[in-house]
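**Student:** I'd like to go over a predicted model; first the sequence, then the structure.
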Amino acid sequence: MSELRNTNRVMFWRILRRLLAANRGRLFVMLLALGAGAAVTAALLNLQIDAKRRLTTEFRAFGPNVVVVPRGSLSSSP
C-alpha cells in the first residue's frame, strides 16, 4: 500500500512539472491572474473593513451640520 501511494505521488509531481514546464506563457498568465485576484480581494476587504471608520472620522472632523434647539431660543438678546 505504501509503495502504491509513493508511486502515485511521484506520478502526480511528474505530471504537474510537465504541465507547468510545457507552456511558460500559460504559467505566466495563471500567476498574473492569481496576483490580480489577490489584489482585488485585498482591496475589497480593505474597503469593507475600513470604510466605516474612515467615514466616521471624516464627518467628525467637519463638526455638527445641524443644530437642534427649542423655538425662540435663537432670538437676538437686547
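**Tutor:** Perfect, I can see it now. Numbers count the residues shown, from 1 in each chain.

**Student:** now N65: phi and psi?
**Tutor:** phi -90, psi -30 (degrees, to the nearest 10).

**Student:** same question, the one 4 residues further on
**Tutor:** V69 has phi and psi values of phi -130, psi 160 when expressed as degrees, to the nearest 10.

**Student:** what residues of stretch 55-72 count as buried?
**Tutor:** For stretch 55-72, the neighbour count (16 or more other CB atoms under 10 Å) marks no residue as buried. Backbone N, C-alpha and C define where each C-beta goes, glycine included.

**Student:** the protein: helices as residue ranges?
**Tutor:** 2-22, 24-62 (DSSP state H).

**Student:** for the protein, which residue occupies the most central location?
**Tutor:** A42 (2.1 Å; CA atoms, centre = their mean).

**Student:** which ones are touching that one?
**Tutor:** For A42, no contacting residues are found, by CB atoms under 8 Å, 6 or more residues apart in numbering.

**Student:** how much space is there between it and L32?
**Tutor:** 16 Å (CB to CB, to the nearest Å).

**Student:** and if you look at I49?
**Tutor:** When I49 is compared with L32 (using CB to CB), they lie 26 Å apart.

**Student:** check L20 too.
**Tutor:** For L20, the distance to L32 (CB to CB) stands at 14 Å.

**Student:** quick one: neighbours of L27, just the number.
**Tutor:** Using other CB atoms under 10 Å, the number of residues around L27 comes to 13.

**Student:** any idea of the pLDDT on the residue nearest to it when sequence neighbours are not counted?
**Tutor:** The spatially closest residue to L27, leaving aside those adjacent along the chain, is L20, at 5.3 Å (CB to CB, 6 or more residues apart in numbering). pLDDT, L20: 78.

**Student:** same thing with L45?
**Tutor:** 91.
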